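Novice: Structure for this input, please:
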Amino acid sequence: MSFWRVLLSIIFPPLAVCDKGCGSFLIVLFLTGAGWVPGVIAALIILNKDRG
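Specialist: Sure, this is the predicted structure:
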């Protein structure tokens with residue numbers, strides 16, 4: 001996970017996960033709409049899941 005991807009997920013979480021698929025994008029978009037913090041947490045979890 002690069003520094004720029006983490007920074008983007010803090011600023012606008014849906015944009016950080018747009019290349020992970022439509023489902024991930026919609027989930028993060030919904031959570032960001034419900035509250036900024038849940039969107040950031042979801043984006044960081046989705047981005048961190050790729051590392052393994």
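Novice: Going by C-alpha atoms from here, please, whenever you check contacts or count neighbours.
Specialist: OK.
Novice: and the spatially most central residue of the chain, what element?
Specialist: Geometric centre of the chain, nearest residue: A43, 2.2 Å, by CA atoms, centre = their mean. Per DSSP states H and E: A43 is located in helix 36-49.
Novice: Against which helices or strands is that helix packed?
Specialist: helix 3-11, helix 13-16, helix 22-34 (3 or more CA pairs under 8 Å, 6 or more residues apart in numbering; DSSP states H and E).
Novice: any idea how far the shortest one is from the chain center?
Specialist: By that I understand helix 13-16. 5 Å (CA atoms, centre = their mean, to the nearest Å).
Novice: Pull out the buried positions in it.
Specialist: P13, P14, A16 (16 or more other CA atoms under 10 Å).
Novice: how about those residues in TSV, adding pLDDT and distance to F25?
Specialist: Below are these laid out as TSV (pLDDT from 0 to 100; distance: CA to CA, whole Å):
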residue	pLDDT	distance to F25
P13	95	9
P14	95	6
A16	94	9
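Novice: what would these look like in a markdown table with distance to W4?
Specialist: As requested, these are exported to a markdown table (distance: CA to CA, whole Å):
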| residue | distance to W4 |
| --- | --- |
| P13 | 12 |
| P14 | 14 |
| A16 | 9 |
